[in-house]
Structure formats: C-alpha cells, structure tokens
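> Give me a 3D structure for the following:
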Amino acid sequence: MAALIAVIGAASARFGRSAKAGVAFALIAGLVAGLVVASIAWFLGQTSDLLPVVFPFIAKRFGEFAAFLTLGGVTGFGVGFAVSVVDALLGERASSAELANILGRGAAKFLVAALPVYAMIRIGGI
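This next block holds a predicted model:
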C-alpha cells in the first residue's frame with residue numbers, strides 16, 4: 001500500500017511551478033491515492049489481518065469500511081508528507097538530473113514513506 005502511494009506521491013510532487021505547489025500536489029495525491037488503494041484492498045478482501053485493530057472507535061461507530069478508509073487516508077497523507085520532506089531536503093527540481101541521483105532520491109523517498117505506515121502498525125498493536 002505504501003509503495004503505490006509513494007510512487008504516486010513522488011510523481012505528483014513534480015507537478016507545479018514551485019516547490020510549494022509540489023508539496024500541495026504530493027499531499028493531495030497521497031491522500032487520494034491512500035483512499036483509492038484502501039478501497040481496492042477492501043473490495044479485494046485483503047484486510048482480514050488489519051480489521052480488528054484499525055481505528056476500533058471508528059469501526060464501532062461508523063463501520064469497518066469507514067475505519068479502513070480512514071487508515072488509507074491517514075497513510076496517504078503521511079506518505080505524501082514524507083515524500084515532500086525528502087524532496088525538499090534532497091531534491092533538485094531539474095528534470096535533467098542523472099539517473100543515479102533520481103534512483104537515490106526514489107529509494108530515500110520509499111524508505112521514509114514507509115515510516116508512517118510502520119508507526120501506524122506499531123501504534124495499532126499488530
């Protein structure tokens with residue numbers, strides 16, 4: 001889930017004419033991608049291990065689907081934010097960057113983007 005969101009967030013961070021616009025695009029695209037990926041995972045039935053611990057209050061009050069969508073949205077926003085931070089720290093916005101530079105930034109974005117997912121899983125008690 002985080003890998004797909006990280007790819008979408010990193011690609012959307014390149015949009016816009018300024019760095020601030022790139023951050024906004026990454027956050028919005030991460031949120032939307034998180035919701036879409038969570039919906040796809042729900043409909044494919046890939047949520048059985050996560051359902052008992054994913055936002056139990058929301059699950060009791062609004063249903064398990066709403067809780068899983070909340071997880072997807074929070075994950076997407078966190079991954080989009082992580083991608084924006086890594087891009088701001090390491091990024092040059094030139095499209096003529098060398099391949100090794102692009103691959104290194106992509107690996108760093110993926111590793112940092114996985115941290116919010118890991119933190120949510122650890123907090124959730126899985």
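
> make it CA atoms for all contacts and neighbour counts henceforth
Noted.

> would you list every one of the helices in this protein?
In the chain, the helices defined using DSSP state H lie at 2-12, 19-44, 56-62, 64-90, 99-124.

> would you list those in JSON lines and tack on mean pLDDT and mean neighbour count?
Compiled in JSON lines, the helices of the chain are given as follows (pLDDT from 0 to 100; neighbours: other C-alpha atoms under 10 Å):
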{"stretch": "helix 2-12", "mean pLDDT": "73", "mean neighbour count": "23"}
{"stretch": "helix 19-44", "mean pLDDT": "86", "mean neighbour count": "20"}
{"stretch": "helix 56-62", "mean pLDDT": "84", "mean neighbour count": "13"}
{"stretch": "helix 64-90", "mean pLDDT": "82", "mean neighbour count": "23"}
{"stretch": "helix 99-124", "mean pLDDT": "69", "mean neighbour count": "16"}
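
> and residue 111, what is it in contact with?
For residue 111, no residue meets the contact criterion (C-alpha atoms under 8 Å, 6 or more residues apart in numbering).

> One more: residue 6?
30, 79-80, 83, 109-110, 113.

> Please apply the same query to residue 35.
Residue 35 touches 69-70, 72-73, 76, counting by C-alpha under 8 Å, 6+ apart.

> With respect to residue 65, which of the contacts of residue 6 is nearest?
Taking C-alpha to C-alpha as the measure, residue 65 lies nearest residue 30 of these, at 19.1 Å.

> Could you check how far that closest one is from residue 109?
Look at residue 30 and residue 109: by C-alpha to C-alpha, to the nearest Å, they are 13 Å apart.

> Likewise for residue 69?
In terms of C-alpha to C-alpha, residue 69 sits 23 Å off from residue 109.

> And residue 26, by the same measure?
12 Å.

> Overlap of the contact sets of those two?
In contact with both residue 26 and residue 109: 10, 83, using C-alpha under 8 Å, 6+ apart.

> Give me the contacts around stretch 66-85.
2, 5-6, 9-10, 13, 22-23, 26-39, 42, 51, 54-56, 58-59, 109-110, 112-114, 116-117.

> let's go with 6 Å and repeat that
Stretch 66-85 is touched from outside by 9, 23, 26-27, 30-31, 34-35, 38, 55, 58-59, 109, 113, 116, with contacts defined as C-alpha atoms under 6 Å, 6 or more residues apart in numbering.
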